[in-house]
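Undergrad: Sharing a model prediction with you, sequence too.
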Amino acid sequence: MSNIIYKELSDKIIGCAITVHKIIGPGFLENVYEQSLCVELKLNNIPFTRQKVYSMFYKSYTVGVYIADVVVDNKVIVELKSVSCINRNMEAAPAHPCARGIHPSMDISSAFKLYACF
């Protein structure tokens, strides 16, 4: 994973996500994992914002909004998905569109999505 920009922060986020999954386990809705991850981030003194709204632009026109599940330390977008299995389309799909003012921490095709499989 040499393409990680915020490696230390990313490692902490992944650690928090693993802790959440170990305690809660599989089978819950995305919102449960999101709230639990936010609790774990808070317990680890990692700053975050939930449901942050970004304006989406096309040729300087506002064309919509993108709502990130969790933005950690205003650097890393975390999108959580609760699924029964991970398929190839999910692995290849970008975790977020190009939102103005946010910088990806890792390769967009793999690192921003956290899946809870049940």
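TA: Received the coordinates, thanks. Numbers count the residues shown, from 1 in each chain.

Undergrad: Was I right to think residue 33 contacts residue 82?
TA: Yes. Look at residue 33 against residue 82 with CB atoms under 8 Å: they come within range, at 6.1 Å. Bear in mind the C-beta positions are built from the backbone N, C-alpha and C, glycine included.

Undergrad: higher neighbour count, these two?
TA: Between residue 33 and residue 82, counted using other CB atoms under 10 Å, the more crowded position is residue 33 (22 against 18).

Undergrad: and the nearest residue to residue 72 once chain neighbours are set aside, how far is that from residue 71?
TA: Excluding the flanking residues, the one nearest residue 72 by CB to CB, 6 or more residues apart in numbering is residue 48, at 4.8 Å. Note on residue 48: its distance to residue 71, by CB to CB, to the nearest Å, is 7 Å.

Undergrad: ok, back up a step: which ones are touching the residue nearest to residue 72?
TA: If you count contacts by CB atoms under 8 Å, 6 or more residues apart in numbering, residue 48 has them with 38, 41, 42, 70, 71, 72, 73.

Undergrad: what about the strands in this protein?
TA: Listed in chain order, the strands of the chain (DSSP state E) span 48-58, 61-72, 76-83, 113-117.
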